[in-house]
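A.B. asks: Take this sequence and fold it.
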Amino acid sequence: MRLGLGQPVVLFNGRDGEWSGVLTEVKRDRAVVELGVQTKLQAPEPDLWLLFAPLKRDATDLVVQKATELGVSAIRPVFSARTNTARMNLERLQSIAREAAEQSERLSVPEVFAPLPLLDLLGAWPADRVLAAAIERGGPAAIPGQAGALLVGPEGGFSPGELDVLRSARFVSPICLGPRVLRAETAVIAGLALLQGGRWSTN
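C.D. replies: Just a heads-up that it's a prediction; the model follows:
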């Protein structure tokens, strides 16, 4: 954004790895880059989704940033009975995800989906994708190594009806993130870190 002609940049598009380049034209709304050599190959990444109840603006921003850094492939906000905010700026959140990918030198950007009611999303859930649901005071539970998604609820926790649905769904694996009641944004970071254990391979 503050670079001038002839200065080096690196580019990625989520498919073809990372490439070096040099700026050959810079205008207010666009830039032209002359590609150089490939500096990184596109490595496989885990197909891990994050479902979370939207929080206040700064906390939601943090969730999207840290989830991107931790490698999720999709960010899916869900409205639960106790969600404390009803509005989200998807364009802003996608920009935060893009900046987090650049900062962490990740070569892909997760898609941020429009929010849906939790029960609607569960009703259309793919049966072969295990959903690890972080439930407060749920008792000890092993972290499922095959989990394809993490669900973190709002600050007030899930409602009794939502808990009944989660516990009865065959694709849901309730998990406990420890003996303390965590803030929702902390639970996202802790849960993703646990689910990512052993998934990464070095480039």
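A.B. asks: which residues of this protein fall in strands?
C.D. replies: 8-12, 18-26, 31-40, 49-52, 74-79, 111-112, 116-117, 130-134, 147-152, 172-175 (DSSP state E).
A.B. asks: can you tell me which of those comes nearest to residue 62?
C.D. replies: Proximity to residue 62 (Cβ to Cβ) singles out strand 49-52 among the strands of the chain, at 11.0 Å. (Each C-beta comes from the backbone N, C-alpha and C, glycine too.)
A.B. asks: and that closest one, how far out from the chain's middle?
C.D. replies: 6 Å (Cα atoms, centre = their mean, to the nearest Å).
A.B. asks: again with stretch 86-95
C.D. replies: 13 Å.
A.B. asks: Quick check: end-to-end length of that stretch?
C.D. replies: 20 Å (Cα to Cα, to the nearest Å).
A.B. asks: in this structure, what spans have low per-residue confidence?
C.D. replies: Applying pLDDT under 70 to the chain flags residues 1, 6, 9, 12-20, 39-43, 137-142, 145, 198-203.
A.B. asks: What are the boundaries of the helices in it?
C.D. replies: Counting by DSSP state H, the chain has these helices, from start to end: 57-69, 90-103, 118-123, 160-168, 184-195.
A.B. asks: got a list of contacts for the fourth one?
C.D. replies: Surrounding helix 160-168, the residues in contact under the criterion Cβ atoms under 8 Å, 6 or more residues apart in numbering are 80-81, 118-119, 122, 133, 135, 151, 153, 158, 172, 174.
A.B. asks: switch to 6 Å and redo it
C.D. replies: Helix 160-168 has contacts (Cβ atoms under 6 Å, 6 or more residues apart in numbering) with 80, 133, 172.
A.B. asks: can you put the helices of the chain in TSV and add mean neighbour count and distance to residue 26?
C.D. replies: Listed next are the helices of the chain as TSV, based on neighbours: other Cβ atoms under 10 Å; distance: least, Cβ to Cβ, whole Å:
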stretch	mean neighbour count	distance to residue 26
helix 57-69	20	27
helix 90-103	16	18
helix 118-123	17	43
helix 160-168	13	51
helix 184-195	20	37
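A.B. asks: That concludes my questions; thank you for your assistance.
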